[in-house]
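1. after the sequence you'll find the predicted model.
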Amino acid sequence: MNTITVTLAFVVLTAAGLLVATEQQEANVERVGELNGILAGSSGPFVNYLLVGSDSREGVDPNSPDYSGIGNTNDTGGQRSDTLMILHVDNERGSASIMSIPRDLWLEIPGFGRDRINTAYQYGADVLVTTIQQSLGVPLNHYVEVDFNSFKSIVSALGGVDLCFEFPTRDLHVGLIVPQPGCYLLDPVQSLAYARSRYYETFQSGEWVIDGRADLGRIARQQAFMQSAINRAIEQTSSNPLRTSELVNAAVASLRVDPGTNLVETADYLKPLAGKGVMRYSLPVVPEMIDGKDVLVLGADSPNYLGYFAGVAGPPA
């Protein structure tokens, strides 16, 4: 699933889970205790949330129609972060931005040597956070995580997510099938397949054409999915306030967050920003072959993006 992103964690935080929350619902949220003392303080001109989509197969229903595409706990070779995004709230500009981090980004994982960033999470959420803070230089104030099952529960609570397709589309590895161009209301199974797709193909001029961007293409699709989910959640809660409780309950049941996150306060903080839209960025990277592995390394423009999300530079062009 890479960067749900859809994971998305991103759907939880911006589309449903933090639009409105109550103290009772907050009490049901699982806390990630190993992050005590790891995260940066939250006072200052900006706040960063790390949004993590885990590829954990724990609790996957073998009777689900997408079980063959997801697999079970024996199929992953250890839990990894499948989606990584940083939500940056700029208090001085009154704006919010999302930056996706490709799962194949090659960098130093403190204490474990150099590897793809998506392996850092298997050592613990604290190692993943430390990797981003030390190797990318971006301070993180809060942590939000969601897995495959959680993702589908949230999409179900939203009643699906609207997406438009210019061409017939498929990914046979995850079961994504869009037979005709047009706009569709994707159900939970289709939404997860779309968010996870790495072998995305479109039917053009009589033949199937694969999206050669791989992870970078998936990042773009996940960010578009995220914005559509945000719009749907805001539309539903604005027209029918009773829907809010249903959405929040679905999200709260799925969240893992750092001990310092207060959902009630965060809801009030983020809701007006979500309504104005979220600027979307992808970290500039270039492909390389290292130790026989196809990986991505930071591109020449990456300091401009990392600097903004670290609060030491203005927004990238």
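-> Perfect, thanks for sending it. Numbers count the residues shown, from 1 in each chain.

2. could you check how far residue 224 is from residue 218?
-> According to C-beta to C-beta, to the nearest Å, residue 224 stands 11 Å off from residue 218. (Glycine included, C-beta is placed from N, CA and C.)

3. give me the more crowded residue out of those two.
-> A count of neighbours by other C-beta atoms under 10 Å puts residue 218 above the other of residue 224 and residue 218, at 28 against 15.

4. wait, doesn't the more buried one sit right on residue 198?
-> Yes. At 5.9 Å, residue 218 counts as touching residue 198 under the criterion of C-beta atoms under 8 Å.

5. distance of the residue of the chain most remote from its centre relative to residue 176?
-> Here the centre of the chain is the reference, and by C-alpha atoms, centre = their mean the most remote residue is residue 206, at 33.7 Å. Distance of residue 206 to residue 176, given as C-beta to C-beta: 20 Å.

6. next: residue 114.
-> Separation of residue 114 from residue 176 (C-beta to C-beta): 33 Å.

7. what's the answer for residue 184, then?
-> Distance check for residue 184 against residue 176: by C-beta to C-beta, it reads 11 Å.

8. poorly predicted segments of the stretch 101-250 of the chain, please.
-> 237, 241-250 (pLDDT under 70).

9. that one: helices as residue ranges?
-> In the stretch 101-250 of the chain, the helices defined using DSSP state H, counting those that start in this stretch lie at 125-135, 148-158, 188-196, 215-239, 242-252.

10. so the shortest one versus helix 148-158, what angle?
-> Calculated by axes from the mean of the first three to the mean of the last three C-alpha atoms, to 10 degrees, helix 188-196 forms an angle of 120 degrees with helix 148-158.

11. and helix 188-196, what does it pack against?
-> helix 67-70, helix 148-158, strand 176-178, helix 215-239 (3 or more C-beta pairs under 8 Å, 6 or more residues apart in numbering; DSSP states H and E).

12. same check on the second one?
-> Applying 3+ C-beta pairs under 8 Å, 6+ apart, one finds that helix 148-158 makes contact with helix 188-196, helix 215-239, helix 242-252.

13. just the terminal-to-terminal distance for stretch 142-160.
-> End-to-end span of stretch 142-160 (C-alpha to C-alpha, to the nearest Å): 27 Å.

14. if you could redo that for stretch 198-211, that was the one I meant.
-> From start residue to end residue, stretch 198-211 stretches across 8 Å - C-alpha to C-alpha.

15. now do that stretch: distance to the chain's middle.
-> 25 Å (C-alpha atoms, centre = their mean, to the nearest Å).

16. ok, now stretch 110-124?
-> Centre-to-centre, stretch 110-124 and its host chain are 18 Å apart (C-alpha atoms, centre = their mean).

17. picking that back up, winner for burial among the helices and strands packed on helix 188-196?
-> Highest mean neighbour count of these: helix 148-158, a mean of 24 (counted as mean count of other C-beta atoms under 10 Å).

18. angle of that one against helix 215-239?
-> 40 degrees.

19. quick check: residue 211 vs residue 190, distance?
-> Distance, residue 211 to residue 190, by C-beta to C-beta: 17 Å.

20. neighbour count winner among the two?
-> The residue with more neighbours, out of residue 211 and residue 190, is residue 190; 22 against 18, by other C-beta under 10 Å.

21. hang on, isn't the more buried one packed against residue 176?
-> Yes. Using C-beta under 8 Å, residue 190 is in contact with residue 176, at 7.0 Å.

22. from the contact counts, what lies against the host helix or strand of residue 51?
-> Secondary structure assigned from DSSP states H and E places residue 51 in strand 46-54. Under the contact definition 3+ C-beta pairs under 8 Å, 6+ apart, strand 46-54 sits against helix 8-10, strand 81-90, helix 125-135, strand 142-146.

23. tell me the strands beside the last one, with direction?
-> Using DSSP bridges, strand 142-146 pairs in its sheet with strand 46-54 (parallel), strand 256-257 (antiparallel).

24. who's the closest residue to residue 85 other than its chain neighbours bridged to?
-> Leaving aside its sequence neighbours, residue 85 sits nearest to residue 51 (C-beta to C-beta, 6 or more residues apart in numbering; 4.3 Å). In this entry, residue 51 is beta-bridged to residue 85, residue 144, by DSSP bridges.

25. ok so, going back, nearest to residue 289, of the helices and strands packed on helix 148-158?
-> Evaluated with C-beta to C-beta, the helices and strands packed on helix 148-158 place helix 215-239 nearest to residue 289, the distance being 15.3 Å.

26. relative to strand 81-90, how tilted is that closest one?
-> 60 degrees.

27. if you count contacts, what does helix 215-239 end up packed against?
-> Packed next to helix 215-239, using 3+ C-beta pairs under 8 Å, 6+ apart, are helix 8-10, strand 95-100, helix 148-158, strand 161-165, helix 188-196, helix 242-252, helix 263-275, strand 279-282.

28. repeat the analysis, applying 6 Å as the threshold.
-> Counting contacts by 3 or more C-beta pairs under 6 Å, 6 or more residues apart in numbering; DSSP states H and E, helix 215-239 is packed against strand 161-165, helix 242-252.
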